[in-house]
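A.B. asks: Dropping a prediction and its sequence here:
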Amino acid sequence: MKTLKFFIVTFVCACLVSTVSYAGDYDGSKPLIFSVKTILECEPNGDSHIVTAEEMKVPNFLIVDCKKMTISPFPPVPGRRDSVIKRMERIDGKLILQGADDGIENVRDGIGWTASISEDTGKAVVTASGDDVGFVIFGACIPR
């Protein structure tokens, strides 16, 4: 569960700092710094609550590099693996990224995730799900 939370918050952090920018900054052609604004943790019974990056023990920023197809903590965290972007597509003015992460070896904490980044504003929404938990993360990206 902590690995799931780490990935989600880490990813959100790297894509979520909103600024005015030039066209093409959010189309995947440039690396992005992602910053988390809000994280909503949802449970199967319908309960949901806002959690912080600190509570989830994740970095505040991530680097989203669509050319390398990776998402990495920023600054780098020793021993942390990059998340691999398995699919990338541009649809209706949004950069859509998808992937799955195993988390900690021999621990059942794998997740699937999808990120949607506005090509106009850099604002982003990430959804992630694992066993009996889901997350919605709101944030923004700036070009690196």
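C.D. replies: Sure thing, it's come through.

A.B. asks: only C-alpha atoms for contact and neighbour calcs from this point on.
C.D. replies: Fine.

A.B. asks: where in the protein is pLDDT low?
C.D. replies: Across the chain, the ranges flagged by pLDDT under 70 are 1-24.

A.B. asks: Next one: the residue with the largest distance to the centre of it relative to I85, how far apart?
C.D. replies: Most distant from the centre of the chain: N45, at 24.5 Å, with distances by CA atoms, centre = their mean. When distance is defined by CA to CA, to the nearest Å, N45 is 30 Å away from I85.

A.B. asks: since we're on I71, how many residues are nearby?
C.D. replies: Using other CA atoms under 10 Å, I71 has 25 neighbouring residues.

A.B. asks: Over to G130?
C.D. replies: For G130, using other CA under 10 Å, the count is 18.

A.B. asks: Next up, the contacts around it.
C.D. replies: If you count contacts by CA atoms under 8 Å, 6 or more residues apart in numbering, G130 has them with L4, D109, G110, I111, G112.

A.B. asks: Looking at these, which one is closest to V58?
C.D. replies: Nearest to V58 out of the contacts of G130 is L4 (CA to CA; 9.9 Å).

A.B. asks: that older thread, ok, now how distant is the residue farthest from the centre of the chain from P76?
C.D. replies: Distance of N45 to P76, given as CA to CA: 36 Å.

A.B. asks: cool, D132 as well?
C.D. replies: 29 Å.

A.B. asks: The two: which is more packed in?
C.D. replies: P76 (14 against 10).

A.B. asks: What strands flank the helix or strand containing I39, and is each parallel or antiparallel?
C.D. replies: I39 belongs to strand 32-42 when assigned by DSSP states H and E. Paired neighbours of strand 32-42 in the sheet (DSSP bridges): strand 48-51 (antiparallel), strand 61-65 (antiparallel), strand 133-143 (antiparallel).

A.B. asks: got the buried residues for that strand?
C.D. replies: Within strand 32-42, the residues that qualify as buried are L32, I33, F34, S35, V36, K37, T38, I39, E41, C42, counting by 16 or more other CA atoms under 10 Å.
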